[in-house]
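A.B. asks: here is the input, now give the coordinates:
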Amino acid sequence: MAKAKKSRSAKSKTAKSKATASKTRKPVASTARGRTRSALAAPIVCVVTPTNPTTNSIAAFCNELITNAGQNFTLQIYSAAGSDLDTVAGLAVAASPAAILACGSDAAGSILSKSSSVPVVMVGGEKPSNATPTSKLTGYTIEGKATAKYHLNKLKGNDITVLLDDTNEISVQIWNDLTGVTQSPPLSPVPIGQNHIIPLPVDDPGLIDKQTVATPCFMVIPNAMFYLHCKDIVAMVDASVAVQWVCYPEREYKDASTSTTQTITVYGHDIPGTFQDAADIVKFILKGKPLPPIKAGRKFP
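C.D. replies: Residues are numbered from 1 along each chain as shown. Just a heads-up that it's a prediction; the model follows:
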């Protein structure tokens, strides 16, 4: 259980709540523990993520909540890395939490399919298709379509390579919106004026360094997997002698670049900042306040 405690020294004071990572590959929760002041059970807050639970985004959420919640709670992290997301979502729901942070729309959808009573705070993607007007769903979307359209308009006039996960339904929808042509995988290049928009489909992060970019322009359709492996993507783009102009959806991509010849533009969302905002929503839920409506996450720039 995590005891929220304001402090000027995060290292010495807030460290009373320590997160211990699971040592197995099974979907077992990591738990933040602290002291309680009463015999009453402290409320449980769960985090459900389809990927690695040690990301800087989840750390931003945990640190913000532990520091500023103002009350005792138990924090449990459920990761589907190497496991099944539906199974992990079921375990989180079974814990009877006061709220669940869903990392991405797939996680939110899995949780909603298991429970209609647990408040779900979503960060990432778009509102899941199984959400209803009565669903206890709140949080922040990541506007992948609007971001990708901005990037395309920024890069028009040259051949453009577009990195996307073509096994992700939303990513394929964004591709079709960008090109104005309805396709199903495998995707094909589409002419735009005298130039082309060329798909670079990757659904396995282990294959990123096997790719080659041979166009003057490069952009990414935002994706949680790509964000987690942004350094690998940047290394691939930096290594290209053809690329001159790049648009990235998050600041972390540009920070990882060492190129001195490419013109890099960042337009999209502040992901760690949005996770911090999600912690504020959970704090309000713990205090019994009503759920705010879903809205777009923090923008960058």
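
A.B. asks: first vs last residue of stretch 88-100, how far apart are they?
C.D. replies: 12 Å (CA to CA, to the nearest Å).

A.B. asks: hey, where'd the helices end up in the stretch 51-200 of the chain?
C.D. replies: 56-68, 85-94, 105-114, 144-155, 169-179 (DSSP state H, counting those that start in this stretch).

A.B. asks: mind listing what's buried along the fourth one?
C.D. replies: Right, the one you point to is helix 144-155. Residues of helix 144-155 classed as buried under the neighbour-count rule (16 or more other CB atoms under 10 Å) are Gly144, Lys145, Thr147, Ala148, Tyr150, His151, Leu152, Lys154, Leu155. Where C-beta positions appear, they are placed from N, C-alpha and C, glycine not excepted.

A.B. asks: my read is that the last one contacts Cys217, right?
C.D. replies: Which is Leu155. Yes - with contacts counted by CB atoms under 8 Å, Leu155 reaches Cys217, the gap being 4.2 Å.

A.B. asks: got any residues that touch both of those two?
C.D. replies: Common contacts of Leu155 and Cys217 (CB atoms under 8 Å, 6 or more residues apart in numbering): Trp245, Cys247.

A.B. asks: for Pro185, which non-adjacent residue is closest in space?
C.D. replies: Leaving out its chain neighbours, the residue that sits closest to Pro185 by CB to CB, 6 or more residues apart in numbering is Asp166, at 4.3 Å.

A.B. asks: quick one: residues contacting the one you found.
C.D. replies: Val172, Trp175, Pro185, Pro186, Leu187, Pro199, Pro201, Asp203.

A.B. asks: endpoint to endpoint, stretch 87-101 covers what distance?
C.D. replies: 16 Å.

A.B. asks: name the residues of it that are buried.
C.D. replies: Here stretch 87-101 shows Val88, Ala89, Gly90, Leu91, Ala92, Val93, Ala95, Pro97, Ala98, Ala99, Ile100, Leu101 as buried, counting by 16+ other CB under 10 Å.

A.B. asks: out of these, which is nearest to Ile285?
C.D. replies: Ala99 (4.6 Å; CB to CB).

A.B. asks: what bridges to the closest one?
C.D. replies: Val45 (DSSP bridges).

A.B. asks: what's near enough to touch it?
C.D. replies: With CB under 8 Å, 6+ apart, Ala99 has these contacts: Val45, Cys46, Val118, Pro119, Val120, Val121, Val282, Ile285, Leu286.
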